[in-house]
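*Asks:* 3D, please:
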Amino acid sequence: MQDAWEFLSRGGPVMIVIGLCSVAALTLFLERLWSLQRRRVIPPRFAELLFAHLRNGRLREAAALCDSSDSPLSTIAAAALRHAGDSRDVLRAAVEERGRREAVSLERFVGGLGSIASIAPLLGLLGTITGMINTFQRVDQTLVQTGQVSPGALASGIWEALITTAAGLAVAIPTYAAYKLLLGRIDRFIIELEDHGSQIVDILVPPKGIPAHQDREGDATEASDDTRPRTSGDAS
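*Replies:* Modelled structure (predicted):
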(Lines give C-alpha, C1' and ligand atoms only; values in the text may rest on other atoms or scores of the structure.)
Protein backbone atom coordinates (compact mmCIF):
# COMPACT_ATOMS: atom_id res chain seq x y z
CA MET A 1 0.00 0.00 0.00
CA GLN A 2 2.83 2.35 0.90
CA ASP A 3 4.64 1.54 -2.33
CA ALA A 4 1.50 2.28 -4.35
CA TRP A 5 1.03 5.61 -2.59
CA GLU A 6 4.68 6.52 -3.19
CA PHE A 7 4.31 5.56 -6.83
CA LEU A 8 1.21 7.72 -7.32
CA SER A 9 2.65 10.66 -5.37
CA ARG A 10 5.40 10.95 -7.97
CA GLY A 11 2.75 12.15 -10.39
CA GLY A 12 2.68 15.51 -8.68
CA PRO A 13 -0.24 17.80 -7.76
CA VAL A 14 -2.25 16.81 -10.83
CA MET A 15 -2.61 13.32 -9.36
CA ILE A 16 -4.62 14.82 -6.50
CA VAL A 17 -7.10 16.31 -8.97
CA ILE A 18 -7.33 13.03 -10.89
CA GLY A 19 -7.91 11.20 -7.62
CA LEU A 20 -10.75 13.58 -6.73
CA CYS A 21 -12.24 12.99 -10.18
CA SER A 22 -12.21 9.24 -9.58
CA VAL A 23 -13.99 9.64 -6.23
CA ALA A 24 -16.59 11.97 -7.77
CA ALA A 25 -17.18 9.60 -10.71
CA LEU A 26 -17.69 6.63 -8.41
CA THR A 27 -20.08 8.61 -6.20
CA LEU A 28 -22.17 9.84 -9.15
CA PHE A 29 -22.31 6.39 -10.71
CA LEU A 30 -23.46 4.66 -7.53
CA GLU A 31 -26.09 7.35 -6.87
CA ARG A 32 -27.54 7.04 -10.37
CA LEU A 33 -27.33 3.25 -10.29
CA TRP A 34 -29.38 3.30 -7.10
CA SER A 35 -31.92 5.81 -8.42
CA LEU A 36 -32.35 4.21 -11.83
CA GLN A 37 -33.79 0.95 -10.57
CA ARG A 38 -37.03 -0.18 -12.18
CA ARG A 39 -38.84 -0.28 -8.84
CA ARG A 40 -38.02 3.41 -8.41
CA VAL A 41 -38.84 4.58 -11.95
CA ILE A 42 -41.64 2.32 -13.22
CA PRO A 43 -42.74 0.11 -10.31
CA PRO A 44 -44.38 -2.97 -11.86
CA ARG A 45 -47.02 -3.38 -9.13
CA PHE A 46 -47.87 0.32 -9.22
CA ALA A 47 -48.29 0.26 -13.00
CA GLU A 48 -50.54 -2.79 -12.78
CA LEU A 49 -52.84 -1.20 -10.17
CA LEU A 50 -52.84 2.18 -11.92
CA PHE A 51 -54.05 0.85 -15.25
CA ALA A 52 -56.58 -1.40 -13.54
CA HIS A 53 -58.11 1.65 -11.84
CA LEU A 54 -58.03 3.73 -15.02
CA ARG A 55 -59.62 1.08 -17.22
CA ASN A 56 -62.44 0.65 -14.72
CA GLY A 57 -63.04 4.39 -14.38
CA ARG A 58 -61.85 4.58 -10.77
CA LEU A 59 -60.11 7.92 -11.12
CA ARG A 60 -60.17 8.78 -7.42
CA GLU A 61 -58.50 5.51 -6.55
CA ALA A 62 -55.94 6.11 -9.29
CA ALA A 63 -55.20 9.61 -7.94
CA ALA A 64 -54.80 8.26 -4.40
CA LEU A 65 -52.45 5.59 -5.71
CA CYS A 66 -50.33 8.24 -7.43
CA ASP A 67 -50.15 10.26 -4.21
CA SER A 68 -48.80 7.21 -2.40
CA SER A 69 -45.93 6.76 -4.85
CA ASP A 70 -42.91 8.89 -5.70
CA SER A 71 -41.86 7.58 -9.07
CA PRO A 72 -41.68 9.26 -12.50
CA LEU A 73 -44.62 7.14 -13.67
CA SER A 74 -46.76 8.27 -10.72
CA THR A 75 -46.03 11.95 -11.34
CA ILE A 76 -46.88 11.61 -15.04
CA ALA A 77 -50.12 9.79 -14.19
CA ALA A 78 -50.98 12.42 -11.55
CA ALA A 79 -50.47 15.20 -14.11
CA ALA A 80 -52.79 13.37 -16.50
CA LEU A 81 -55.48 12.89 -13.84
CA ARG A 82 -55.46 16.61 -13.03
CA HIS A 83 -56.50 17.23 -16.64
CA ALA A 84 -58.86 14.26 -16.95
CA GLY A 85 -61.81 16.51 -17.82
CA ASP A 86 -59.95 18.51 -20.46
CA SER A 87 -59.64 17.90 -24.17
CA ARG A 88 -57.34 15.25 -25.58
CA ASP A 89 -54.85 17.86 -26.81
CA VAL A 90 -54.65 19.56 -23.42
CA LEU A 91 -54.26 16.22 -21.68
CA ARG A 92 -51.52 15.08 -24.02
CA ALA A 93 -49.67 18.39 -23.64
CA ALA A 94 -49.76 18.06 -19.84
CA VAL A 95 -48.43 14.50 -19.99
CA GLU A 96 -45.65 15.46 -22.42
CA GLU A 97 -44.61 18.44 -20.29
CA ARG A 98 -44.44 16.31 -17.15
CA GLY A 99 -42.60 13.62 -19.09
CA ARG A 100 -39.93 16.09 -20.22
CA ARG A 101 -39.34 17.14 -16.63
CA GLU A 102 -39.05 13.55 -15.50
CA ALA A 103 -36.58 12.83 -18.30
CA VAL A 104 -34.40 15.70 -17.08
CA SER A 105 -34.63 14.30 -13.55
CA LEU A 106 -33.55 10.86 -14.74
CA GLU A 107 -30.53 12.37 -16.51
CA ARG A 108 -29.43 14.30 -13.42
CA PHE A 109 -25.71 13.93 -12.63
CA VAL A 110 -25.13 11.71 -15.67
CA GLY A 111 -23.64 14.64 -17.56
CA GLY A 112 -21.11 14.95 -14.76
CA LEU A 113 -19.84 11.46 -15.54
CA GLY A 114 -19.42 12.41 -19.18
CA SER A 115 -17.48 15.52 -18.18
CA ILE A 116 -15.15 13.56 -15.91
CA ALA A 117 -14.55 11.00 -18.66
CA SER A 118 -13.52 13.86 -20.97
CA ILE A 119 -11.47 15.85 -18.48
CA ALA A 120 -9.48 13.05 -16.81
CA PRO A 121 -7.27 12.25 -19.85
CA LEU A 122 -6.60 15.96 -20.36
CA LEU A 123 -5.56 16.29 -16.73
CA GLY A 124 -3.26 13.32 -17.21
CA LEU A 125 -1.73 14.93 -20.28
CA LEU A 126 -1.30 18.20 -18.40
CA GLY A 127 0.50 16.37 -15.61
CA THR A 128 2.78 14.65 -18.11
CA ILE A 129 3.64 17.90 -19.86
CA THR A 130 4.41 19.75 -16.64
CA GLY A 131 6.42 16.73 -15.45
CA MET A 132 8.45 16.71 -18.67
CA ILE A 133 9.09 20.43 -18.33
CA ASN A 134 10.40 19.94 -14.80
CA THR A 135 12.53 17.00 -15.93
CA PHE A 136 14.20 18.92 -18.72
CA GLN A 137 14.74 21.89 -16.42
CA ARG A 138 16.64 19.63 -14.04
CA VAL A 139 18.57 18.13 -16.95
CA ASP A 140 19.51 21.60 -18.13
CA GLN A 141 20.69 22.64 -14.67
CA THR A 142 22.71 19.44 -14.28
CA LEU A 143 24.26 19.93 -17.70
CA VAL A 144 25.32 23.47 -16.83
CA GLN A 145 26.76 22.45 -13.47
CA THR A 146 28.51 19.19 -14.37
CA GLY A 147 28.69 19.18 -18.15
CA GLN A 148 27.03 15.78 -18.39
CA VAL A 149 23.63 14.18 -17.93
CA SER A 150 22.85 10.80 -16.42
CA PRO A 151 20.60 8.74 -18.74
CA GLY A 152 19.11 7.09 -15.66
CA ALA A 153 18.04 10.42 -14.20
CA LEU A 154 16.47 11.43 -17.51
CA ALA A 155 14.59 8.14 -17.83
CA SER A 156 13.38 8.39 -14.24
CA GLY A 157 11.98 11.85 -14.84
CA ILE A 158 10.19 10.75 -17.99
CA TRP A 159 8.44 7.72 -16.48
CA GLU A 160 7.40 9.75 -13.47
CA ALA A 161 5.85 12.31 -15.81
CA LEU A 162 3.92 9.59 -17.65
CA ILE A 163 2.24 8.38 -14.45
CA THR A 164 -0.44 11.07 -14.71
CA THR A 165 -1.33 10.09 -18.28
CA ALA A 166 -1.85 6.50 -17.20
CA ALA A 167 -3.87 7.62 -14.18
CA GLY A 168 -6.05 9.90 -16.28
CA LEU A 169 -6.85 7.09 -18.71
CA ALA A 170 -7.46 4.67 -15.84
CA VAL A 171 -10.14 7.03 -14.53
CA ALA A 172 -11.60 8.04 -17.90
CA ILE A 173 -12.16 4.58 -19.42
CA PRO A 174 -14.40 3.05 -16.71
CA THR A 175 -16.11 6.40 -16.18
CA TYR A 176 -17.05 6.58 -19.86
CA ALA A 177 -18.30 2.98 -19.76
CA ALA A 178 -20.46 3.84 -16.73
CA TYR A 179 -21.72 6.95 -18.53
CA LYS A 180 -22.86 4.98 -21.58
CA LEU A 181 -24.41 2.28 -19.39
CA LEU A 182 -26.55 4.81 -17.55
CA LEU A 183 -27.53 6.61 -20.76
CA GLY A 184 -28.76 3.34 -22.24
CA ARG A 185 -30.81 2.59 -19.14
CA ILE A 186 -32.28 6.10 -19.11
CA ASP A 187 -33.24 5.89 -22.80
CA ARG A 188 -35.10 2.63 -22.19
CA PHE A 189 -36.98 4.11 -19.24
CA ILE A 190 -37.93 7.22 -21.22
CA ILE A 191 -39.35 5.09 -24.04
CA GLU A 192 -41.40 3.07 -21.54
CA LEU A 193 -42.65 6.22 -19.82
CA GLU A 194 -43.71 7.65 -23.18
CA ASP A 195 -45.63 4.45 -23.95
CA HIS A 196 -47.34 4.50 -20.55
CA GLY A 197 -48.18 8.18 -20.97
CA SER A 198 -49.81 7.51 -24.33
CA GLN A 199 -51.83 4.66 -22.83
CA ILE A 200 -53.05 6.91 -20.01
CA VAL A 201 -54.15 9.56 -22.50
CA ASP A 202 -55.96 6.97 -24.62
CA ILE A 203 -57.78 5.61 -21.57
CA LEU A 204 -58.83 8.99 -20.15
CA VAL A 205 -59.76 10.56 -23.50
CA PRO A 206 -59.95 7.77 -26.08
CA PRO A 207 -59.62 8.49 -29.79
CA LYS A 208 -62.90 9.02 -31.58
CA GLY A 209 -65.00 5.88 -31.80
CA ILE A 210 -63.46 4.19 -28.74
CA PRO A 211 -65.47 4.41 -25.47
CA ALA A 212 -63.66 5.56 -22.33
CA HIS A 213 -62.32 3.37 -19.49
CA GLN A 214 -62.69 0.12 -21.42
CA ASP A 215 -60.36 -2.25 -23.19
CA ARG A 216 -60.40 -1.59 -26.89
CA GLU A 217 -61.09 -5.16 -27.89
CA GLY A 218 -64.14 -5.30 -25.67
CA ASP A 219 -65.16 -1.82 -26.74
CA ALA A 220 -65.27 -2.82 -30.38
CA THR A 221 -67.47 -5.82 -29.57
CA GLU A 222 -69.85 -3.78 -27.42
CA ALA A 223 -70.04 -1.03 -29.99
CA SER A 224 -70.96 -3.50 -32.72
CA ASP A 225 -73.64 -5.03 -30.48
CA ASP A 226 -75.14 -1.61 -29.68
CA THR A 227 -75.28 -0.52 -33.29
CA ARG A 228 -76.69 -3.83 -34.61
CA PRO A 229 -80.22 -3.29 -35.99
CA ARG A 230 -82.85 -4.66 -33.65
CA THR A 231 -85.13 -7.40 -34.95
CA SER A 232 -88.67 -8.01 -33.86
CA GLY A 233 -87.37 -10.83 -31.66
CA ASP A 234 -84.98 -8.42 -29.92
CA ALA A 235 -87.74 -5.91 -29.31
CA SER A 236 -89.81 -8.52 -27.55
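*Asks:* for the strand or helix carrying L125, enumerate the helices and strands it packs against.
*Replies:* For L125, the element it lies in under DSSP states H and E is helix 110-146. Packing partners of helix 110-146 (3 or more C-beta pairs under 8 Å, 6 or more residues apart in numbering; DSSP states H and E): helix 13-35, helix 151-204. Where you see a C-beta, it was placed from the backbone N, CA and C, and this is true even at glycine.
*Asks:* right, and those - which one's nearest L126?
*Replies:* helix 13-35 (5.9 Å; C-beta to C-beta).
*Asks:* just the buried residues of the closest one, please?
*Replies:* V14, M15, V17, I18, C21, S22, A24, A25, L26, L28, F29, R32 (16 or more other C-beta atoms under 10 Å).
*Asks:* quick one: buried residues of the following helix or strand past it?
*Replies:* Downstream of helix 13-35, the next assigned helix or strand under DSSP H and E is helix 38-41. Neighbour-count burial for helix 38-41 flags V41 (criterion: 16+ other C-beta under 10 Å).
*Asks:* what comes into contact with helix 38-41?
*Replies:* P44, S71, P72, L73, L106, F189, L193 (C-beta atoms under 8 Å, 6 or more residues apart in numbering).
*Asks:* buried subset of these?
*Replies:* Of those, these count as buried by 16+ other C-beta under 10 Å: S71, P72, L73, L106, F189, L193.
*Asks:* so the first one sits right up against F46, yeah?
*Replies:* So that's S71. Yes. Look at S71 against F46 with C-beta atoms under 8 Å: they come within range, at 6.6 Å.
*Asks:* about what we covered before: what angle separates the helix holding L125 from helix 13-35?
*Replies:* 170 degrees (axes from the mean of the first three to the mean of the last three C-alpha atoms, to 10 degrees).
*Asks:* how big is the angle separating helix 110-146 from helix 151-204?
*Replies:* Orientation check (the same axes, to 10 degrees): helix 110-146 against helix 151-204 gives 170 degrees.
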